[in-house]
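> Sequence first, predicted model second:
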Amino acid sequence: NFRGPASLLKDSISFTEVSASGLFEGHDLLRRGFTSVKNELLPSHPLELTEKNFQLNQDKTNFATLRNIQGIHAPLKLQMEFRAVKQVQRLPFLHSSNMAMDILRGNDECIGFEDILNDPSQSEIMGEPHMMMEHKLGLL
């Protein structure tokens with residue numbers, strides 16, 4: 001079951017990495033700002049780490065509350081459902097809305113910031129299907 005060095009590659013390529021000009025496109029200064037090693041290593045604001053881990057912290061709190069109310073079986077069942085939903089994916093060049101995950105978390109009826117002002121890399125623009133599938137399968 002050994003796939004060799006190809007198994008070390010990422011499973012998917014974001015749209016910003018693959019575009020019309022190829023994998024070696026220049027840095028997009030307008031979207032990403034100036035590059036700096038310090039900015040990549042340290043958070044720029046104390047609340048940045050809290051915001052990045054918000055959903056994880058929210059899930060932990062919900063699991064703890066659910067365990068206190070219903071017992072250990074309820075959070076375990078919900079975690080198994082989360083894992084099953086994460087395994088089902090679309091092809092790598094198609095955008096997925098993760099509707100099943102939103103339903104499990106109870107966010108299916110909420111309109112949030114990401115619904116209106118989403119990241120441009122998450123837009124509905126489709127990448128090059130053949131290149132993305134070859135990368136996912138480890139052929140590139």
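Done, it's in. Numbers count the residues shown, from 1 in each chain.
> The longest helix along the chain packs against which elements?
Taking DSSP state H as the criterion, the chain has its longest helix at helix 54-70. Here helix 54-70 touches helix 73-87, going by 3 or more C-beta pairs under 8 Å, 6 or more residues apart in numbering; DSSP states H and E. Bear in mind the C-beta positions are built from the backbone N, C-alpha and C, glycine included.
> Buried residues, the helix it packs on. List them.
Pro75, Leu78, Val85 (16 or more other C-beta atoms under 10 Å).
> Closest one of those residues to Met131?
The shortest gap between Met131 and any of the buried residues of helix 73-87 belongs to Val85, at 27.0 Å (C-beta to C-beta).
> residues contacting the closest one?
Asn98, Ala100, Met101, Leu104 (C-beta atoms under 8 Å, 6 or more residues apart in numbering).
> ok, of these, which come out buried?
Applying 16+ other C-beta under 10 Å to these flags Asn98, Ala100, Met101 as buried.
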